[in-house]
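*Asks:* attaching a predicted model along with its sequence, questions to come.
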Amino acid sequence: MLMQNDILEKIKLLEDKYAQMGQDINSYLDGLLLSNYLTYWDYIQVDTLLTLQNPKTDFPDEVIFIVYHQITELYFKLSLHELDQVAHNGRNIQGNGKDMGWKEKLDPVLFAERIMRVNRYFEALTKSFEIMVNGMEKEQFLRYRMALLPASGFQSAQYRMIEIASTDFINLVDKDVRSNHIGKNTPVEELFQNIYWNKGATELASGKKTLTLKQFEKKYSEKFIEMIKEYQDKNMWRKYLSLDEKDRKNPDIINALKQLDVNVNINWPLVHYKSAVRYLQQNTGDVAATGGTNWQKYLPPRFQKRIFYPELWTEQEKEDWGKGWVETNVFNTKHSERP
Ligand code: HEM
């Protein structure tokens, strides 16, 4: 039987591919004949994935809490994947699948599209956060949460890495000390001492760092400082500034960045805050399930005013950061629940 031309052509290409690496195609064809078909469960690693949910208590709702955190971490992973692509100008993969390394120049279309991907991941997370807010029995949550201390979503390193990749580091410095350092060459290590999140993990009574923070620092501070240095010239703001003037003025590009700012610094923090209000706020004082932090003063974006791209917003918009949305979208009219 005569072999079809296109199959012959492909075998020839394969021969070239393996020859280039000094390999004999014959052995690889033997391997192909012997190997099993790929299955969905092996490729997606479903069995392994389903072994990763291990509650610490017998309360049935704890598994919802674990799975939803894992879903969030996976979306964070996708976000970091896209930010990493932009930071390095995108991968240069040839038509034959060969990886030629990072591209030399950033394509403005790639920039806007990848930022929009991150926006979609965060929009999915913001929308699905109802699974946390309304999807667990409060009584169960309050019981099993005590078995998880001092762990907290506060210790999500990927969340912080998304921030580091998105903006100039100065914008993540505590807003009360930030202005003293703008325009100066303060070393990253020194700025890092004043990172905004320290305020979210300081004990109200003593002013000391919580164990949650101490453990987080022990595990990740070095890694964060390394990443901050690496991203000084390739965070999303720097990549935006590296574009031609015409592209920097493109409304699609500007809006993609502004949307990222709103998604990461207002919309997600607000739905997240809503869950803290639902579970932890009580008339008689807050539930002690948070390591004694002042989460009510810390979590609402209107207090934190974390802004990745202050240059893209008007003074009024910055002044109103995180306010309007609260009243119209997240909270009903109950005054006590408003941040
Ligand atoms: C019932 C659900 C949740 C409640 C009640 C809750 C509560 C809190 C509280 C009170 C804090 C302040 C720090 C502390 O005192 O520990 C916090 C911080 C944080 N949580 Fe959650 N959380 C919930 C779900 C989640 C989920 C699903 C994630 C996803 C990873 C998450 C990620 C974070 C992050 C990143 C912070 C730090 C925020 C910042 O520094 O601005 N949380 N959470």
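*Replies:* That came through fine. Numbers count the residues shown, from 1 in each chain.

*Asks:* so which residues of the stretch 51-200 of the chain form strands?
*Replies:* Under the criterion DSSP state E, counting those that start in this stretch, the stretch 51-200 of the chain contains strands at 91-93, 99-102.

*Asks:* run me through the strand neighbours of the last one, direction for each.
*Replies:* Each strand that strand 99-102 pairs with, and the sense of that pairing, follows from DSSP bridges: strand 91-93 (antiparallel).

*Asks:* what is the least confident helix or strand in the protein?
*Replies:* helix 324-325 (a mean of 60; mean pLDDT, DSSP states H and E).

*Asks:* any chance of the strands of the stretch 51-200 of the chain in JSON lines, with distance to Gln259 and mean pLDDT too?
*Replies:* All C-beta spots, glycine's among them, are computed from the backbone N, C-alpha and C. Below are those laid out as JSON lines (distance: least, Cβ to Cβ, whole Å; pLDDT from 0 to 100):
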{"stretch": "strand 91-93", "distance to Gln259": "24", "mean pLDDT": "96"}
{"stretch": "strand 99-102", "distance to Gln259": "26", "mean pLDDT": "96"}
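
*Asks:* need the winner for burial among those strands.
*Replies:* Of all the strands of the stretch 51-200 of the chain, strand 91-93 carries the top mean neighbour count, a mean of 12, counting by mean count of other Cβ atoms under 10 Å.

*Asks:* turn the strands of the stretch 51-200 of the chain into CSV, columns for distance to Asn185.
*Replies:* Listed next are those as CSV, based on distance: least, Cβ to Cβ, whole Å:
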stretch, distance to Asn185
strand 91-93, 33
strand 99-102, 28
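
*Asks:* might you list the low-confidence residue ranges for the protein?
*Replies:* In the predicted model of the chain, residues 1, 283-293, 324-339 satisfy pLDDT under 70.

*Asks:* if we use 90, what do you get?
*Replies:* Within the chain, the segments meeting pLDDT under 90 span 1-5, 96, 176, 179-185, 202-207, 281-297, 304, 324-339.

*Asks:* residues in it within reach of the ligand, list them.
*Replies:* 68-69, 72, 132, 152-154, 156, 159, 197, 200, 212, 272, 275-276, 279-280, 290-291, 293, 295, 299 (Cβ under 6 Å from any ligand atom).

*Asks:* neighbours of Gln296, how many?
*Replies:* Gln296 has 16 neighbours, counted by other Cβ atoms under 10 Å.

*Asks:* swap that for Asn185, sorry
*Replies:* Per other Cβ under 10 Å, the neighbour tally for Asn185 reads 5.

*Asks:* what's the longest helix in the protein?
*Replies:* Counting residues, the longest helix in the chain under DSSP state H turns out to be helix 62-87.

*Asks:* so what's the one residue in the chain that gets nearest to the ligand up against?
*Replies:* Closest contact between the chain and the ligand, by Cβ to the nearest ligand atom, is at Gly153 (2.4 Å). For Gly153, the contacting residues are 69, 159, 272, by Cβ atoms under 8 Å, 6 or more residues apart in numbering.
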